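**Student:** Test case, fold it:
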Amino acid sequence: MITGVIGPSDEEIEHLIKKCYIDSVYEKASLKFYSGFYGEAQVVLVICGVGKVNACIATQVLIDILEVTHIILTGAAGALGDSLKHGDVVISTAVAHHDLPQEILTEYHPWMKSIFIEADTAMVNECIRIAGEDQDHGNIYAGKMISGEEFIASSEKRKRLDSFGAMCVDMESASIAQTCYVNHIPFVVIRSISDHADEESVESFETHVESVSLNALCLVEKLLVSLHKPLI
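**Tutor:** Residues are numbered from 1 along each chain as shown. The predicted model follows:
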């Protein structure tokens, strides 16, 4: 098993990269892929850049060239519900694009049955199990996520996204989910709330992105350990 771990920016994943033993760095598509180990877990980590296209490029390289078997996306997100607070963590149950018409995905490749792409059940359930044992790093929830090529920083725009029934919004998760879907690669997204997708979001994101990302990374680290436990 080789797990690919993706973060959009330095602040969202660099802490984990520093904790890993890195034995090689592979450069492709203007990206650096850090191969090594987190404890017994064999990992490849990458800072993909912001946006769905950047995330898709990194994911396909991880799959085609670095032969990862599982993918975890981590980072920050904007809350779509008033109940979520800064630092709360959301585990993806399913992910969708909020800026694509449904027929683009259902009537054309990849001919999906729904706009929502389901995360790997086993990975999600393991995250939930881990979360039940330890909630020292913010509250942890499981729910839907949505993504689009826009940073949502308007209460009016946030309200337009209510129909998706998602807990949070970001700019990468859906493209990684779709890339994993067409390649039959198990994935899960673990994100922490940095803002509330409103008029204060830009400042809030810049202020909180690094600190809240540590909460998501805490769960990522525990998931890596669990996924790579030796069989008895």
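
**Student:** T179 - how many residues pack around it?
**Tutor:** Other residues near T179 come to 23 when the count uses other Cβ atoms under 10 Å. Just so you know, the C-beta spots here come from the backbone N, C-alpha and C atoms, and that holds for glycine as well.

**Student:** correct me, but it touches V61?
**Tutor:** No. Applying Cβ atoms under 8 Å, one finds T179 not in contact with V61, separated by 10.3 Å.

**Student:** how about the helix or strand hosting L214: buried residues?
**Tutor:** In the assignment (DSSP states H and E), L214 maps to helix 201-227. Applying a neighbour-count criterion of 16 or more other Cβ atoms under 10 Å, the buried positions in helix 201-227 are 201, 204-205, 208-210, 212-224, 227.

**Student:** ditto for stretch 21-37
**Tutor:** 28, 31, 33-36.

**Student:** can you pull the alpha-carbon coordinates of that stretch into PDB?
**Tutor:** The C-alpha trace of stretch 21-37 is given here as PDB (Å, rounded to 0.1, in the frame of the first residue of the first chain):
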ATOM      1  CA  TYR A  21      11.200  10.400   6.500                       C
ATOM      2  CA  ILE A  22      11.700  11.500   2.900                       C
ATOM      3  CA  ASP A  23      14.000   9.300   0.800                       C
ATOM      4  CA  SER A  24      13.400  10.800  -2.600                       C
ATOM      5  CA  VAL A  25      11.900  13.800  -4.300                       C
ATOM      6  CA  TYR A  26      10.400  13.400  -7.800                       C
ATOM      7  CA  GLU A  27       9.700  16.400  -9.900                       C
ATOM      8  CA  LYS A  28       6.900  16.400 -12.600                       C
ATOM      9  CA  ALA A  29       4.600  19.000 -14.000                       C
ATOM     10  CA  SER A  30       6.300  21.700 -12.000                       C
ATOM     11  CA  LEU A  31       5.400  19.900  -8.800                       C
ATOM     12  CA  LYS A  32       7.600  18.200  -6.200                       C
ATOM     13  CA  PHE A  33       6.500  14.700  -4.900                       C
ATOM     14  CA  TYR A  34       8.000  13.700  -1.600                       C
ATOM     15  CA  SER A  35       8.300   9.900  -1.300                       C
ATOM     16  CA  GLY A  36       9.100   8.300   2.000                       C
ATOM     17  CA  PHE A  37       7.600   7.000   5.200                       C
END
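
**Student:** what's the average pLDDT for it?
**Tutor:** Averaged across stretch 21-37, pLDDT comes to 96.

**Student:** which stretches of this structure have low pLDDT?
**Tutor:** 134-137, 230-232 (pLDDT under 70).

**Student:** what's the offset of the helix or strand where E156 lies from the middle of its chain?
**Tutor:** Under the criterion of DSSP H and E, E156 resides in helix 155-160. Remark: helix 155-160 is offset 22 Å from the chain centroid, using Cα atoms, centre = their mean, to the nearest Å.

**Student:** what's next to it, contact-wise?
**Tutor:** Contacts to helix 155-160, defined as Cβ atoms under 8 Å, 6 or more residues apart in numbering, come from residues 78, 80, 150, 152, 169, 196-199.

**Student:** Quickly name whichever of those is closest to G143.
**Tutor:** L80 (9.5 Å; Cβ to Cβ).

**Student:** roughly how far apart are that closest one and L105?
**Tutor:** Distance, L80 to L105, using Cβ to Cβ, to the nearest Å: 21 Å.
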